[in-house]
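Colleague: Need the 3D shape of this:
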Amino acid sequence: MIYSYYKNTIPTVQDIKNLDDWLFENEELPINNYNGSYTTCDILKRLSINHGGFSETEVHRDWTMEGLVDELQKGYPVIVAVRLRMSSEVTTSNGHFMVLRGIDQNYVYVNDPGRSLGSGHGKNKKYSKQEFLASWNTQGRACVTIHSELSGGGGSDQPLNLVSELAQNKIVLGWDHPDSELPLSYQILRNGNYINSVESNYTYYTDTSVEPGVLYCYTVRSEFEENLSGPSNEICIELSKDSDEIDLENGLVAYYPFNGNANDESGNGNHGVVHGASLAEDRFLNKNSAYSFDGYDDYIQIDGIKNIFSNDFTVSLWVNFHSFDDKDYPSILYLENCNLILHGMGPVYDQFGEKNLISFYQQNDCNNPGTNPSTSRIGQMTSQIKLQEKTWYLITISKFNNNFNMYINNELQVQLQSDESITFDGSVFLGLRPFFSDRMQTDISFPGLRSRSEFGHVIMQGKFWIFQYQRQFRFSGACFCNTII
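Modeller: Okay, the predicted model is just below:
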């Protein structure tokens, strides 16, 4: 039951014959022309250990819903003793076992092996909690718990770096393949319950069955031929009751989804002009949703955004550093008069003391090649975490009443107070920053931007927002904004 149904496979006729043969030889149960036998929880435990290979199997009686939920949240399915078709009517012939795979506020989700062979009618069935409890009570609330790698108990090949984002009343998940071998598929679990599987050539999943105001917590597991991995990191996200998207009427200045171009889709017409950068895949493998930069003469230039940074603002974007260069910092966002810089840090400028960080700072003057950048710096915020290569990060900078905040993956990294105003009347550049010796930086890209070389570049994913006020949100890409929280 667990092996076949928790792994989302259908048992063969030979599988069933082998099981009945084992029950006949070891428990002296009649074969009945391979039409099934009546078993008990204790027989099922011995069958699970000695025939199924599940080393940690226990029988429980008078158990609770809390105990079932705890098992499911740990990633273990449970065999529950109920009645055929979840009936509460007691007869001598309707005792039944089902594989419990999920519980939510209103329903339980089971696989019913007795109804699945050849038809699939027992796969991923759901019953109301009331139906389940009434049926389970007739069997003394008995169940069998199974802990092993096969049932999800701690394999070491779990997916890595699970992230989430909101998109048009949906929740989009993305993750990385495990470091070991490629699995056959991935299982998606929401609030401890299995909801779907995807083939292993996909490292993303879109959950469309979500409701505003509900907190959803996700994990992903790798499915292999003979075992199921432990869970990935857990990621929790809530769809706002008000809106899951940016309010285009409240402060959005520019929005760049990089849908095959660098157009501003906020409706304000602040389109970017692409200079040499080429389209690439974003972090969800969507084609033509990122831009690749060589770091020498590729960039995107945005004109028309003049006075935004003199007031409160928010800038947010997705970034992926392919590798770190040892010459200079690959720039993410650069203002022409150098009063605002948000960029990835490489292993240089010893006064910072760390490598592979994100820094945001203001400059008095950096257009003059003779200016020392450290002496002209007004204020600087540097992230508290080291960034990893080939990993996506959501970077957000906000300014409100001269208070600057830096967030990475929606977590506050550092705060800075500055009385200096940002004066800006030039262009905004993505993926470009001059050296102070009049040379160009090494290599950068964005999730809308991706590098062609193999060192020092950044990938910026296909969303970029700018708001005219401070704003908190969870998105995938980049933006200029002016919105109060």
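Colleague: could I have the helix or strand hosting residue 126 exported to PDB, CA atoms only?
Modeller: Assigned by DSSP states H and E, residue 126 falls within strand 125-128. Extracted as PDB, the C-alpha positions of strand 125-128 are listed here (Å, rounded to 0.1, in the frame of the first residue of the first chain):
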ATOM      1  CA  LYS A 125      -9.800  10.400  -2.700                       C
ATOM      2  CA  LYS A 126     -11.100  12.900  -0.200                       C
ATOM      3  CA  TYR A 127     -13.700  12.600   2.500                       C
ATOM      4  CA  SER A 128     -15.100  15.000   5.000                       C
END
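Colleague: buried residues in stretch 26-40?
Modeller: 29, 39 (16 or more other CB atoms under 10 Å). Quick note: C-beta positions are derived from backbone N, CA and C, even for glycine.
Colleague: moving C-terminal of the strand holding residue 126, what's the next helix or strand?
Modeller: Next along from strand 125-128, by DSSP H and E: helix 129-137.
Colleague: Give the other helices and strands that that following helix contacts.
Modeller: Judged by 3 or more CB pairs under 8 Å, 6 or more residues apart in numbering; DSSP states H and E, helix 129-137 is in contact with strand 78-83, strand 107-111.
Colleague: Tell me the helix or strand right after it.
Modeller: Taking DSSP H and E, what comes next after helix 129-137 is strand 143-147.
Colleague: That following strand versus strand 78-83: what angle between them?
Modeller: Comparing the axes of strand 143-147 and strand 78-83 via axes from the mean of the first three to the mean of the last three CA atoms, to 10 degrees yields an angle of 160 degrees.
Colleague: got the CA coordinates for strand 143-147 in PDB?
Modeller: Extracted in PDB, the C-alpha atoms of strand 143-147 (Å, rounded to 0.1, in the frame of the first residue of the first chain):
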ATOM      1  CA  CYS A 143      -3.700   2.900  12.500                       C
ATOM      2  CA  VAL A 144      -0.200   1.800  11.400                       C
ATOM      3  CA  THR A 145       2.600   4.300  11.200                       C
ATOM      4  CA  ILE A 146       5.700   3.700   9.000                       C
ATOM      5  CA  HIS A 147       9.000   5.500   9.300                       C
END
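Colleague: I'd like to know which elements it is packed against.
Modeller: helix 41-50, strand 56-60, strand 78-83.
Colleague: rank the ones you listed by mean pLDDT and give me the bottom one.
Modeller: Among the helices and strands packed on strand 143-147, helix 41-50 has the lowest mean pLDDT, at a mean of 84.
Colleague: Find the least confident helix or strand in the chain, judged by mean pLDDT.
Modeller: Lowest by mean pLDDT, DSSP states H and E among the helices and strands of the chain is strand 448-449, with a mean of 30.
Colleague: What are the structural domain limits within the chain?
Modeller: With domains defined by automatic domain parsing, the chain comprises 2-147, 160-238, 252-481.
Colleague: Residue 143 is in contact with residue 79, isn't it?
Modeller: Yes. At 6.2 Å, residue 143 and residue 79 qualify as touching, with contact defined as CB atoms under 8 Å.
Colleague: residues shared between the contacts of these two?
Modeller: residue 100 (CB atoms under 8 Å, 6 or more residues apart in numbering).
Colleague: can you confirm residue 231 is in a helix?
Modeller: No. Assessed with DSSP: H, G, I helix; E, B strand; the rest coil, residue 231 is coil; it does not lie in a helix.
Colleague: what's around it, how many residues?
Modeller: Per other CB atoms under 10 Å, the neighbour tally for residue 231 reads 23.
Colleague: pLDDT wise, what is residue 469 at?
Modeller: Reading off the confidence values, residue 469 has pLDDT 47.
Colleague: Check residue 373 too.
Modeller: Residue 373 is given a pLDDT of 47.
Colleague: Same question for the one 10 residues further on.
Modeller: Among the per-residue scores, residue 383 holds a pLDDT of 71.
Colleague: now do residue 37
Modeller: pLDDT, read off for residue 37, is 65.
Colleague: What of residue 273?
Modeller: Here the pLDDT value assigned to residue 273 is 92.
Colleague: Would you mind measuring from it to residue 382?
Modeller: Separation of residue 273 from residue 382 (CB to CB, to the nearest Å): 31 Å.
Colleague: so residue 182 sits in a strand?
Modeller: No. Membership of residue 182 in a strand is not supported by three-state DSSP, which gives coil.
Colleague: Could you check how many residues crowd around it?
Modeller: Counted with other CB under 10 Å, the neighbours of residue 182 add up to 11.
Colleague: so it touches residue 200, yeah?
Modeller: Yes. Counting by CB under 8 Å, residue 200 is a contact partner of residue 182 at 5.4 Å.
Colleague: dump the residue contacts of the residue nearest to residue 255 when sequence neighbours are not counted.
Modeller: Once flanking residues are discounted, residue 255 sits nearest to residue 266: 4.2 Å by CB to CB, 6 or more residues apart in numbering. By CB under 8 Å, 6+ apart, the residues touching residue 266 are 248, 252, 253, 254, 255.
Colleague: so what's the second one bridging to?
Modeller: Beta-bridge partners for residue 252, by DSSP bridges, are residue 467, residue 481.
Colleague: For residue 171, see how far away the closest residue to residue 59 other than its chain neighbours is.
Modeller: Nearest residue to residue 59 in three dimensions, chain neighbours excluded: residue 41, at 4.5 Å (CB to CB, 6+ apart). In this view, residue 41 and residue 171 are 38 Å apart by CB to CB.
Colleague: between those two, which one's more packed in?
Modeller: A count of neighbours by other CB under 10 Å puts residue 171 above the other of residue 41 and residue 171, at 23 against 19.
Colleague: Against residue 14, how distant is the nearest residue to the more buried one once chain neighbours are set aside?
Modeller: Among residues not flanking residue 171 along the chain, residue 207 sits closest, at 4.5 Å (CB to CB, 6+ apart). Noted for residue 207: a distance of 37 Å to residue 14, by CB to CB.
Colleague: Residue 266 now?
Modeller: Between residue 266 and residue 14 the distance is 61 Å, computed by CB to CB.
Colleague: so how many other residues sit close to the closest residue to residue 84 other than its chain neighbours?
Modeller: Nearest residue to residue 84 in three dimensions, chain neighbours excluded: residue 94, at 4.3 Å (CB to CB, 6+ apart). Residues within reach of residue 94, counting by other CB under 10 Å, total 14.
Colleague: Report pLDDT for residue 94.
Modeller: Here, the pLDDT recorded for residue 94 equals 81.
Colleague: Residue 315 too?
Modeller: At residue 315, pLDDT is 81.
Colleague: right, and it touches residue 332 too?
Modeller: No. Using CB under 8 Å, residue 315 is not in contact with residue 332, being 9.4 Å away.
Colleague: coming back round to it: just the element for the residue nearest to residue 255, please.
Modeller: Counting by DSSP H and E, no helix or strand carries residue 266.
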